[in-house]
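> For reference, the sequence and a predicted model appear below.
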Amino acid sequence: MAKKNSYRVVEKEEIIARKIHKIRRSNDGSTFESSETIDDLSVEKPLEIRVRTIGVTAFKSIAVTMRTPGQDQNLVTGFLYSEGITKDPKAIVTYNQKTKNIAEVELINGFQDKLDSIKRNFFTSSSCGICSKGSLDQVEIESTILPYTSTIQLNQNTIFNMVEKCDHIKGVFSKTGGCHSMTLFDSKANLVIQQEDVGRHNAMDKLIGYSLLSGINNFSNHCVVVSGRLSFELIQKASMMGTAILIARGAPTSLAIEEAVAQNMCLIGFADSSRLNIYSGFERLKT
């Protein structure tokens with residue numbers, strides 16, 4: 001019999017560090033002025049994710065990711081989902097924040113073969129979510145909720161409205177300029193949640209985890225607005241969600257476009273409150 005879900009979280013860690021340091025600033029492009037300044041900086045620290053199934057004594061360390069502390073339970077839940085390890089947050093029997101930088105997760109029976117098959121390098125940087133893959137055949141993860149099954153369509157004004165709403169959220173980026181954000185909207189442009197992190201893939205995992213733990217398990221009528229560029233790992237994670245529309249303030253990479261086309265995902269870049277570029281899935285936009 002599975003244990004009842006239980007969670008223990010250590011004292012919340014600061015996500016913004018206020019530092020006094022010396023800098024040299026150029027305001028005219030030619031001269032530099034030295035001064036001491038007080039800066040608000042995004043905190044970046046490692047999180048080790050350890051997993052085991054019920055009845056197994058030892059935890060297996062499956063990843064260390066450089067992340068913004070806080071929302072670690074969301075991050076771990078979303079990571080396990082987007083990596084194809086679990087399909088349901090109820091599979092997580094216990095989540096234990098053993099220390100500020102170590103999270104231990106116990107899963108129900110039936111996942112040991114999956115954990116044994118994970119071949120992952122030990123370190124995941126904050127800039128790249130696929131750098132830690134053990135081999136190329138692990139890069140593409142089969143989704144059971146494919147975007148091409150979604151029937152969602154949006155018009156341009158709805159998209160402009162979503163992007164504008166993101167600009168008014170006062171989060172870590174507004175104070176530090178040093179993190180990425182992922183914002184989940186429903187098909188009527190209602191803002192569901194925004195999550196931030198120094199790593200864009202971490203921010204996406206936090207968004208997925210928060211949504212799953214809040215009872216949202218079907219993303220086919222939702223879309224995500226990305227603060228920066230669109231890279232392959234974000235397409236992969238959106239595919240695992242079943243999200244069919246991905247909107248970014250920046251540009252997509254070539255591989256991101258290829259994967260979006262394969263998934264019949266609508267990929268939008270360079271979006272602001274009055275313009276956008278559509279790279280794939282044009283049929284998902286209403287005229």
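Alright, I've got the coordinates. Residues are numbered from 1 along each chain as shown.

> When you work out contacts or count neighbours from here on, use the C-alpha atoms and nothing else.
OK.

> Give me the most central residue, the chain.
The structure's the chain has its C-alpha centroid closest to Met204; by Cα atoms, centre = their mean the separation is 1.3 Å.

> Report the contact partners of the closest residue in space to Arg229 that isn't next to it in sequence.
Once flanking residues are discounted, Arg229 sits nearest to Gly250: 4.3 Å by Cα to Cα, 6 or more residues apart in numbering. By Cα atoms under 8 Å, 6 or more residues apart in numbering, the contact set of Gly250 is 227-230, 269-271.

> how long is stretch 223-237 from one end to the other?
Start and end residues of stretch 223-237 are separated by 12 Å (Cα to Cα, to the nearest Å).

> Show me what the mean pLDDT comes to for that stretch.
Across stretch 223-237, the average pLDDT comes to 91.

> Take stretch 89-103, keep the C-alpha atoms, and write them as CSV.
C-alpha atoms of stretch 89-103 as CSV (Å, rounded to 0.1, in the frame of the first residue of the first chain):
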residue,chain,number,x,y,z
PRO,A,89,2.1,14.0,-9.3
LYS,A,90,0.3,11.4,-7.1
ALA,A,91,3.2,9.1,-8.0
ILE,A,92,5.3,11.2,-5.6
VAL,A,93,4.7,9.6,-2.2
THR,A,94,7.0,11.9,-0.2
TYR,A,95,9.0,15.0,-1.0
ASN,A,96,11.7,15.9,1.5
GLN,A,97,13.8,19.0,1.2
LYS,A,98,16.7,17.3,3.1
THR,A,99,18.8,20.5,3.0
LYS,A,100,18.5,23.8,1.2
ASN,A,101,20.2,22.3,-1.8
ILE,A,102,19.2,18.6,-1.7
ALA,A,103,15.6,17.3,-2.5
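
> Pull out the buried residues from it.
Within stretch 89-103, the residues that count as buried by 16 or more other Cα atoms under 10 Å are 89, 91-97, 100-103.

> now swap in stretch 26-41 and tell me
Going by neighbour count (16+ other Cα under 10 Å), the buried part of stretch 26-41 is 40-41.

> now stretch 53-62: mean pLDDT?
Rounded mean pLDDT across stretch 53-62 is 89.

> can you give me how far that stretch is from the chain middle?
Centroid displacement of stretch 53-62 relative to its chain, using Cα atoms, centre = their mean, to the nearest Å, is 25 Å.

> Which helix or strand lies directly C-terminal to the helix or strand where Asp113 lies?
Here Asp113, judged by DSSP states H and E, is contained in helix 112-117. Next in sequence after helix 112-117, counting helices and strands by DSSP H and E, comes strand 154-155.

> for the protein, which helix is longest?
helix 200-213 (DSSP state H).

> Paired strands for the next helix or strand after it, with orientation please.
Sequence order places strand 222-226 as the next helix or strand after helix 200-213, per DSSP H and E. Partners of strand 222-226 in the sheet, by DSSP bridges, are strand 180-186 (antiparallel), strand 245-248 (parallel).

> tell me the most buried of those strands?
Of all the strands paired with strand 222-226, strand 245-248 carries the top mean neighbour count, a mean of 26, counting by mean count of other Cα atoms under 10 Å.

> what separates the helix or strand following it from the chain centre, distance-wise?
For strand 245-248, the following helix or strand on the C-terminal side (DSSP H and E) is helix 254-262. Centroid separation for helix 254-262 versus its chain: 18 Å, with Cα atoms, centre = their mean.

> ok, now stretch 42-58?
17 Å.

> Next: stretch 61-71.
Worked out by Cα atoms, centre = their mean, stretch 61-71 lies 12 Å from the chain centre.

> follow-up on the earlier one: just the ones in helices from the contacts of Gly250, please.
Among the contacts of Gly250, no member falls in helices (DSSP H).

> Which of the residues you listed ranks first by neighbour count?
Leu230 (25 neighbours; other Cα atoms under 10 Å).
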